[in-house]
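Enquirer: Next comes the sequence, and after it the predicted model I'd like to discuss.
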Amino acid sequence: MKTLYFFFFLVFFSLPFSSHVPLFASEISRDRAESTNFAYGPGERLVYKLSYLGVPAGSAVMEVLKKSSVRGRSVYPVLSTVKSNKFVSVFYPVRDRIETFIDVKGGYSHRIEVKQRQGRKKRDKVIDFDQVRHRATQFKNDKIETFQIPPKVQDSLSSLYHFRSQATFEVGKSTFIDVHESNKNWELEIKVLNRETITTALGTFNTFKVKAYVRYEGIFMDKGDVTLWLTDDERRIPVLIKTKIKIGSITAVLESSEVPTPTYQAKADIQ
């Protein structure tokens, strides 16, 4: 049940990576994704029901908190929590908390804090992203490590919010995002497959169906691929997420939402 933590990410969508070696943005000829407007803002709260092979397994909440600051930059803190239900907790209790801090002007990550409790396992880590010097500093298990990162790098949670904020979605087009996770820099590819109308307990939605090809263990899922249905409007809210795993699949369905007016802002370079 480790894969309960697929939910991101995704998160996002923690999302698709090339199946080859990690790449820096400067080594890739294709255009990089840029945040143009924010499809989200403080007060957004999305609650998901998680199931495994059709069996209820837990819940997840993703919420954008009040604006704060990191190293003098204004940021949106985004908090993701995942917990198993009573039945699953008997066998494999999950209590996970992930928080990312997204630059209000540039849309990139400044910091991610991870606290995972899965079964008997415990994992805590913090990664600070210096977007000026292009360095990531990781604090984990009383150990400090530093890594080189590409400009405007995302983490495995912020990448979902970054993708939601793209100017346009075009069927058949892929978006490429630089992500730092698992001590490496990865190229993340998210492809818009088509438009679909789907119905959930909340109602009927016109959506973009997008697919992510994940090549690392990120915030939302184990290695595998993820399909997301995002609302076909300015908010691009994930209403359905499906993740394939070795045995079966995990599904996250939007159960409730609180959505403020989107915060539209022009992109800005690092200053």
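Expert: Cool, the structure landed.
Enquirer: which SSE is the residue of the chain most remote from its centre in?
Expert: Residue farthest from the centre of the chain, counting by C-alpha atoms, centre = their mean, is residue 90 at 27.9 Å. Per DSSP states H and E, residue 90 falls inside helix 86-91.
Enquirer: Quick check: closest non-adjacent residue to residue 119.
Expert: On the basis of C-beta to C-beta, 6 or more residues apart in numbering, the spatially nearest residue to residue 119 that is not a chain neighbour turns out to be residue 92, at 5.0 Å. Glycine gets a C-beta too; all of them are placed from N, C-alpha and C.
Enquirer: which other helices and strands contact the helix holding residue 90?
Expert: Judged by 3 or more C-beta pairs under 8 Å, 6 or more residues apart in numbering; DSSP states H and E, helix 86-91 is in contact with strand 55-64.
Enquirer: Following the chain onward from the strand it packs on, which element is next?
Expert: Following strand 55-64 toward the C-terminus (DSSP H and E): strand 68-70.
Enquirer: Go through that next one and flag the buried ones.
Expert: Within strand 68-70, the residues that qualify as buried are residue 70, counting by 16 or more other C-beta atoms under 10 Å.
Enquirer: Quick check: neighbours of it in the sheet, parallel or antiparallel?
Expert: The pairing partners recorded for strand 68-70 under DSSP bridges are strand 73-84 (antiparallel).
Enquirer: re the thing from before, contacting residues for the residue farthest from the centre of the chain?
Expert: For residue 90, the contact set (C-beta atoms under 8 Å, 6 or more residues apart in numbering) is empty.
Enquirer: quick one: it and residue 96, what's the gap?
Expert: 18 Å (C-beta to C-beta, to the nearest Å).
Enquirer: One more: residue 251?
Expert: Residue 251 is 18 Å from residue 96, by C-beta to C-beta.
Enquirer: cool, and residue 60?
Expert: According to C-beta to C-beta, residue 60 stands 9 Å off from residue 96.
Enquirer: ok, now residue 54?
Expert: To residue 96, residue 54 is 22 Å away according to C-beta to C-beta.
Enquirer: more crowded one of the two?
Expert: With neighbours defined as other C-beta atoms under 10 Å, residue 54 and residue 96 compare such that residue 96 has more, 21 against 9.
Enquirer: Check which residues of the helix or strand where the more buried one lies are buried.
Expert: Taking DSSP H and E as the criterion, the element that holds residue 96 is strand 94-103. For strand 94-103, burial by neighbour count (16+ other C-beta under 10 Å) applies to 94, 96, 98, 99, 100, 101, 102, 103.
Enquirer: Can you list the strands that that strand pairs with?
Expert: For strand 94-103, pairing defined by DSSP bridges yields strand 73-84 (antiparallel), strand 109-118 (antiparallel).
Enquirer: was I right about the residue nearest to residue 119 contacting residue 120?
Expert: No. Assessed by C-beta atoms under 8 Å, residue 92 is found out of contact with residue 120, at 9.4 Å.
Enquirer: Which one's more surrounded, these two?
Expert: Neighbour comparison, residue 92 and residue 120: the larger count goes to residue 92, with 15 against 7 (by other C-beta under 10 Å).
Enquirer: Which parts of the stretch 151-271 of the chain are helices?
Expert: Under the criterion DSSP state H, counting those that start in this stretch, the stretch 151-271 of the chain contains helices at 158-164.
Enquirer: Low-confidence regions, it specifically.
Expert: Within the stretch 151-271 of the chain, the segments meeting pLDDT under 70 span 167, 214-224, 262-271.
Enquirer: Go again with 50.
Expert: Residue ranges of the stretch 151-271 of the chain with pLDDT under 50: 217-222, 264-271.
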